[in-house]
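[1] structure of the sequence below:
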Amino acid sequence: MSTTDFPPPTPDEEVVDIEQAAASPEAKVAERPHPLSPIVDGWLFLVAIVIYFGQDAFQSLLSGDIKLSEIGVLGKDFWIPALITLGVLVLAIGFAFANWWFTRFVIDDDEVRIERTFIAHQSQRIAFSKIQSVDIKQPLVARLLGLAALNIDVGANASKKIQYLKRDRAYKMRDFLMARANRAQTSTRGFVAPPPQAAGAAPAAQASALSKPGVLEDVLGYDQVIVRVPVGRLIGSLVLSTGTIWGIAFIAIFVALGLLIPGDAAGLSLIGLLPAAFGYIGWLLKELKEGFNYSLTWTSSGLKTTHGLTELISRSVPVHRIQGVQISQPLLWRLLGWKRVRIDVLGHGISSDDAGGGILLLPVGSDDEVKRVLDVAIPQLELETIQMRPAGKKARWIRWFDAQTFTWGFNDKAIVATGHILTHKVNIVPHARVQEVRLSQGILRRLLGLADVKAENTSGPVDLCAKLLDAEDARKLALAEPQMMRTARSEMLANPQIEPITA
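    Model prediction:
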């Protein structure tokens, strides 16, 4: 097995010389994943086999019906299940070992190859120019064994996996592949340079000593931490979230029905409580997993998010593929000034495992933290300087309860629309990422002289629609946006290398 490492760029090198950061490995040797990979993949299956086939024997041993000293003289009622269990275990271990033995990967000058030759020959070739991001996943058992899996995203919800490598090697390989991907794409897109070190930040050497990648986090010495989410704030945000309000409301309704309805019907209402309770608990665990131990950092290859409760997930976020940003604020969060930030990423879509779709950039944060996140997601946006315009005067005739929340505006970088009461949302789409502009008028809106303008974008949480505009304002916006789109795209092509602004 090759011991070639792919060292990450140093703080002095990561801005200046991407060619050096993306240097080829010394030797193109086919390697196998870590020998402990079968244990990580199959431990749960092995435990299930032992429990299923051996539960009767375990119960007999615990109850005293069978003694360890008598095992040698036991009959077929004991030995047949025991031999079946042993046989299945041997087959499972043999299959996992063979799958590991016949899995190899190699890095060439232009691509990554993953070869699987067990039973059927399967070859996966991933050109560096096709790599959109490289994520690292560490399930609980892998974290305990010091292993991590590489998940290479090539778009269209497709990914190729290398399971598993030593944790440090996985980090270095991730940085190497992202550097090669940026090198392959720089001719058409340019390399997005890291932001300058924020005032008061620790020097790189100190950061390296203080923040080593490990079981609990993935922050390397040369990474710049943009924001971290404290556990206390995360728990507070879940308690005050709209999901908690609805969950408690449904549970209270079922409990009240159970107390008020006499006879057997009360039991039925309590049975109906179970799906609501399980649904709420499932949502709560998913939100907790998504925000626990969360950090957003800037690396030599762009943004990186890290989160996880039992499973640590590090996700590379390609800044050049960010299509839109959504800032949301549930009703009760306004008491503490908390907000959440999600983004649309080209190729990520709404079918991801993330709750709400897209990629979460900030589970819960203050206005200052939201501004820092926006500065790296959409450089030079300056959201606070955009003049927001209200909906048309007759909008209250249609949406009397929340018409005042609908506003819209734009500058030379992006178009913005806001709205909704229970969860106030601010949707932002850069002009260069708008795919189509649609003006729509239903019968009632036409009678009232109102119209909606929608900026079509990649599927995801960001749904930008300037609602209930005066018809004349809507027409002007729909005609002006295509020109702003062309101008923004021309500027992006002329100036591909843009440095994000840091607070």
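[2] what about the protein, any weak spots by pLDDT?
    Low-confidence segments of the chain (pLDDT under 70): 1-28, 50, 52-79, 156-157, 184-216, 221, 263-269, 347-357, 496-503.
[3] next, name the residue at the spatial heart of it.
    residue 359 (4.5 Å; C-alpha atoms, centre = their mean).
[4] what is that residue paired to in the beta sheet?
    residue 343 (DSSP bridges).
[5] measure it to residue 48 for me?
    33 Å (C-beta to C-beta, to the nearest Å). Glycine gets a C-beta too; all of them are placed from N, C-alpha and C.
[6] related to what we said a few turns ago, so the residue nearest to the centre of the chain makes contact with residue 341?
    No: taking C-beta atoms under 8 Å as the definition, residue 359 is not a contact partner of residue 341, at 9.7 Å.
[7] residue 180 is in what secondary structure piece?
    helix 167-185 (DSSP states H and E).
[8] report all helices and strands that that helix contacts.
    helix 18-21, strand 133-138, strand 147-155, strand 312-317 (3 or more C-beta pairs under 8 Å, 6 or more residues apart in numbering; DSSP states H and E).
[9] buried stuff in the helix or strand containing residue 247?
    Following DSSP H and E, one finds residue 247 within helix 242-260. Buried residues in helix 242-260, counted by 16 or more other C-beta atoms under 10 Å: 243-244, 247, 250, 254, 257-258.
[10] with stretch 162-180 instead?
    Of all the residues in stretch 162-180, those buried under the rule 16+ other C-beta under 10 Å are 162-167, 169-180.
[11] how many other residues sit next to residue 453?
    For residue 453, the neighbour count with other C-beta atoms under 10 Å is 23.
[12] now do the residue nearest to it when sequence neighbours are not counted against residue 243, distance only.
    Nearest non-adjacent residue to residue 453, counting by C-beta to C-beta, 6 or more residues apart in numbering: residue 466, 4.6 Å away. To residue 243, residue 466 is 27 Å away according to C-beta to C-beta.
[13] likewise for residue 378?
    28 Å.
[14] distance of residue 374 from residue 361?
    From residue 374 to residue 361 the distance is 9 Å (C-beta to C-beta).
[15] shared neighbours of these two, anything?
    Jointly contacting residue 374 and residue 361 under the rule C-beta atoms under 8 Å, 6 or more residues apart in numbering are 325, 341.
[16] excluding residues flanking it in the chain, which one is nearest residue 160?
    residue 152 is the one closest to residue 160 (C-beta to C-beta, 6+ apart), at 4.6 Å.
[17] ok, how many other residues are close to that neighbour?
    Neighbours of residue 152 (other C-beta under 10 Å): 24.
[18] bridging residues for it?
    Applying DSSP bridges, one finds that residue 152 bridges with residue 134, residue 160.
[19] make sure it is actually in contact with residue 126.
    Yes: at 5.7 Å, residue 152 and residue 126 qualify as touching, with contact defined as C-beta under 8 Å.
[20] between those two, what contacts are shared?
    What both residue 152 and residue 126 touch, as defined by C-beta under 8 Å, 6+ apart, is the set 112, 160.
[21] residue 393: what's it in contact with?
    Neighbouring residues of residue 393 by C-beta under 8 Å, 6+ apart: residue 470.
[22] next, give phi and psi for it.
    phi -60, psi -30 (degrees, to the nearest 10).
[23] what distance do you get for it to residue 466?
    Taking C-beta to C-beta, one finds residue 393 at 15 Å from residue 466.
[24] what ranges does this protein have for its helices?
    18-21, 37-63, 76-101, 140-145, 167-185, 204-210, 231-239, 242-260, 264-291, 367-377, 443-448, 471-494 (DSSP state H).
[25] and for the fourth one, what's in contact with it?
    Contact partners of helix 140-145, identified using C-beta under 8 Å, 6+ apart, comprise 36, 39-40, 43, 148-149, 164, 215, 310-312.
[26] mind doing that once more with 10 Å?
    Helix 140-145 has contacts (C-beta atoms under 10 Å, 6 or more residues apart in numbering) with 34, 36-37, 39-44, 138-139, 147-149, 163-167, 170, 214-216, 308-312.
[27] would you mind writing the ChimeraX command to select the buried ones in those residues?
    Buried residues among the contacts of helix 140-145 (16+ other C-beta under 10 Å), as a ChimeraX selection:
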select :34,36,37,39,40,41,42,138,139,147,148,149,163,164,165,166,167,170,308,312
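[28] surely the residue nearest to residue 453 and residue 418 touch.
    Yes: under the criterion of C-beta atoms under 10 Å, residue 466 makes contact with residue 418 at 9.2 Å.
[29] quick one: which of the two has more around it?
    A direct count of neighbours by other C-beta under 10 Å for residue 466 and residue 418 places residue 466 higher, at 29 against 19.
[30] and the more buried one, what does it touch?
    389, 391, 406-410, 415-419, 427, 439, 451-455, 473-474, 477-478, 481.
[31] again, but for residue 391
    Residues near residue 391 by C-beta under 10 Å, 6+ apart: 398-399, 402-408, 419, 450, 452, 466-470, 473.
[32] which of the residues you listed count as buried?
    Applying 16+ other C-beta under 10 Å to the contacts of residue 391 flags 398-399, 402-403, 405-408, 419, 450, 452, 466-470, 473 as buried.
[33] restricted to strands, list the residues you listed.
    Mapping the buried ones among the contacts of residue 391 onto strands (DSSP state E) picks out 407-408, 419, 450, 452, 466-470.
[34] what about the closest residue to residue 238 other than its chain neighbours, distance to residue 250?
    The shortest distance from residue 238 to any non-neighbouring residue, by C-beta to C-beta, 6+ apart, is to residue 287 (5.8 Å). Note on residue 287: its distance to residue 250, by C-beta to C-beta, is 17 Å.
[35] now residue 296
    From residue 296 to residue 250 the distance is 33 Å (C-beta to C-beta).
[36] ok, now residue 321?
    38 Å.
[37] for residue 484, what are its contacts?
    410-415, 430-432, 434, 437, 477.
[38] got the CA positions of stretch 163-172 in CSV?
    The C-alpha trace of stretch 163-172 is given here as CSV (Å, rounded to 0.1, in the frame of the first residue of the first chain):
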residue,chain,number,x,y,z
GLN,A,163,-14.7,3.8,2.7
TYR,A,164,-12.6,4.0,5.0
LEU,A,165,-9.2,5.7,5.4
LYS,A,166,-7.3,6.8,8.5
ARG,A,167,-8.7,10.1,9.7
ASP,A,168,-5.6,12.2,9.1
ARG,A,169,-5.1,10.7,5.6
ALA,A,170,-8.7,11.3,4.7
TYR,A,171,-8.3,15.0,5.6
LYS,A,172,-5.2,15.3,3.6
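[39] ok now it, how far from the chain's centre?
    How far stretch 163-172 lies from its chain's middle: 20 Å, per C-alpha atoms, centre = their mean, to the nearest Å.
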